[in-house]
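In: The sequence isn't on hand, but the structure is:
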């Protein structure tokens, strides 16, 4: 349900900031600053130069989200972790099993009317009742990326109804899409979507994934890991 | 003429590799590796973890390209530099005036028939006679990025004829588009296009820029620097 919209409230941004700081402390993480970091400032905390839309997903033995299940749907799995921390910014967690990064960005597929519908229906991450969630990193194959925009859109929506399927589960399921493919470093996935929802909506979430995974679009996905989380 | 295609030959990749290495030496540059660089490896050369489509444009007093003119078309200028080096990978040049980064990526606007036309007509960078060139970093405003894909395409091509204008100058003018907006660090521009061409085609290049800068698309550009180069 990668709707590619960004409607974070200030409250949510502040929450992310706190998570970011708490993760830095809790994980003993070193923050890499940016690739512009000078040699005179090795490992320094030049967070100001980071893409402000960058998020990191840190899998380790500490974190706000407890991992309740983790499995590879297609392609290689990720090493099992007991917890995940989602931080706003970059993270190098010395004790972490893995760090996945992605940046929110402009929308790539929605039309104006679809966008208006989404804006009207969708909710932000972090609602009090949203104690359950999922992190779904996916990678699309070379054939997908060689398609033109119009060809990708036709598969994404006209054939696979990605937006229409996701729309049915709004506002119960909130999500934020992160793009990884054009970051400065090589990332193991192209997209990471973070979802959260109330426990009562867990089966609706499963139903949505079954529908999406049966689409033509999903034939282009050559790696997908399904990580379920609770807080 | 940001056609967003990527047709680099192996020869071109090898040339880039040599430039990359020579730049490292000539500029006394330290390579940042990646944002995953560990504190134990400050300034280390972890180039393997870099996005393989990442390029850096290093403005300093050394480099393969001599700057013959540099001016801000709209928005803030960049500090004047006598030379630019284009390197494949990331670069921290301690003695450089500035470093701009961007990654080649999948196409965002061309249709299948436009793509086929481009593939048939365009040439790769680095031809022997291409002693002249330009680096054109541009930034688009928030209004542009709030548009949907279909709205951006309509302005880009149906109204502004960006692809059609550029097509007229193929294969004389070769170019490579780099995306900066979704890199891990904040970049001052959204796109960097590198052009090269024979001296005899310099006035055709100027003519093309006059046409592009008169389009509706260019109204969304809030920063553009025009850097002319020779080697």
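Out: Noted; the coordinates are in hand. Nothing here was measured: the structure is a model prediction, and the numbers come from that model. Residues are numbered from 1 along each chain as shown, chains lettered A, B, ... in the order given.
In: and residue A:112, how many neighbours?
Out: Neighbourhood size, residue A:112 [other Cβ atoms under 10 Å in any protein chain shown]: 12. Just so you know, the C-beta spots here come from the backbone N, C-alpha and C atoms, and that holds for glycine as well.
In: Which residue is the nearest non-sequential neighbour of it?
Out: residue B:148 (5.2 Å; Cβ to Cβ, 6 or more residues apart in numbering or on different chains).
In: Now do the SS call for the nearest residue to residue A:168 once chain neighbours are set aside.
Out: Setting aside the residues directly before and after it, residue A:168 is nearest to residue A:208 in space (Cβ to Cβ, 6+ apart), at 7.4 Å. The three-state assignment at residue A:208 reads helix, by DSSP: H, G, I helix; E, B strand; the rest coil.
In: per-residue pLDDT, residue A:208?
Out: Residue A:208 carries a pLDDT score of 98 in this model.
In: quick one: contacts for it?
Out: Residues counted as contacts of residue A:208 (Cβ atoms under 8 Å, 6 or more residues apart in numbering or on different chains) are A:1, A:165-166, A:168-169, A:173.
In: From those, which land in helices?
Out: A:165-166 (DSSP state H).
In: now for the contacts of residue A:208, which pair is the farthest apart?
Out: In terms of Cβ to Cβ, those reach their longest pairwise distance at A:165 and A:173, which sit 11.1 Å apart.
In: residues touching the residue nearest to residue A:112, list them.
Out: Applying Cβ under 8 Å, 6+ apart, the residues near residue B:148 are A:107, A:110-112, A:115.
In: pLDDT on stretch A:55-68, on average?
Out: For stretch A:55-68, the per-residue pLDDT averages 97.
In: Now that stretch: buried residues?
Out: Buried residues in stretch A:55-68, defined by neighbour count with 16 or more other Cβ atoms under 10 Å in any protein chain shown: A:55-60, A:62-65, A:67.
In: Then residue A:106 would be within a helix, right?
Out: No - Residue A:106 sits outside any helix when classified using three-state DSSP, being coil.
In: Need phi/psi at it.
Out: The phi/psi pair for residue A:106 (degrees, to the nearest 10) reads phi -70, psi 160.
In: same thing with the one 5 residues further on?
Out: Backbone dihedrals for residue A:111, given as degrees, to the nearest 10, come out at phi -80, psi 170.
In: so it touches residue B:152, yeah?
Out: No - using Cβ atoms under 8 Å, residue A:111 is not in contact with residue B:152, being 11.8 Å away.
In: who has more neighbours, the two?
Out: residue B:152 (21 against 16).
In: Count the residues that sit near the closest residue to that one other than its chain neighbours.
Out: Closest residue to residue B:152 apart from its sequence neighbours, by Cβ to Cβ, 6+ apart: residue B:144 at 6.9 Å. As a burial measure, residue B:144 scores 19 neighbours (other Cβ under 10 Å).
In: Wait, a helix at residue B:144?
Out: Yes - counting by three-state DSSP, residue B:144 is located in a helix.
In: picking up where we left off before, show me which of residue A:165 and residue A:173 is the more surrounded one.
Out: Using other Cβ under 10 Å as the criterion, residue A:165 and residue A:173 rank with residue A:173 on top: 24 against 19.
In: which residues does that one contact?
Out: Contacts of residue A:173 by Cβ under 8 Å, 6+ apart are A:1, A:166, A:195-197, A:201, A:204-205, A:208.
In: how about a cut-off of 6 Å?
Out: Contacts for residue A:173 (Cβ atoms under 6 Å, 6 or more residues apart in numbering or on different chains) come out as A:195, A:197, A:205.
In: what packs against the helix or strand harbouring residue A:85?
Out: Element membership for residue A:85, per DSSP states H and E: strand A:83-88. Applying 3 or more Cβ pairs under 6 Å, 6 or more residues apart in numbering or on different chains; DSSP states H and E, we find strand A:83-88 packed against helix A:10-26, strand A:54-60.
In: Now the element after that strand, going C-ward?
Out: strand A:98-103.
In: Do that following strand and chain B come into contact?
Out: Yes - applying Cβ under 6 Å from any Cβ of the partner chain, one finds strand A:98-103 in contact with chain B at residue A:103.
In: Following element in sequence after that strand, please.
Out: Next element after strand A:98-103 (DSSP H and E): helix A:112-121.
In: beta partners for residue A:85?
Out: Beta-bridge pairing for residue A:85 (DSSP bridges): residue A:58.
In: so it sits right up against residue A:63, yeah?
Out: Yes - counting by Cβ atoms under 6 Å, residue A:85 touches residue A:63, with 3.7 Å between them.
In: what sits against residue A:79?
Out: Contact partners of residue A:79, counting by Cβ under 6 Å, 6+ apart, are residue A:97.
In: That one looks like it's in a strand, true?
Out: No - Residue A:79: not assigned to a strand; according to three-state DSSP it is coil.
In: what about it, distance to chain B?
Out: 16 Å (Cβ to the nearest Cβ, to the nearest Å).
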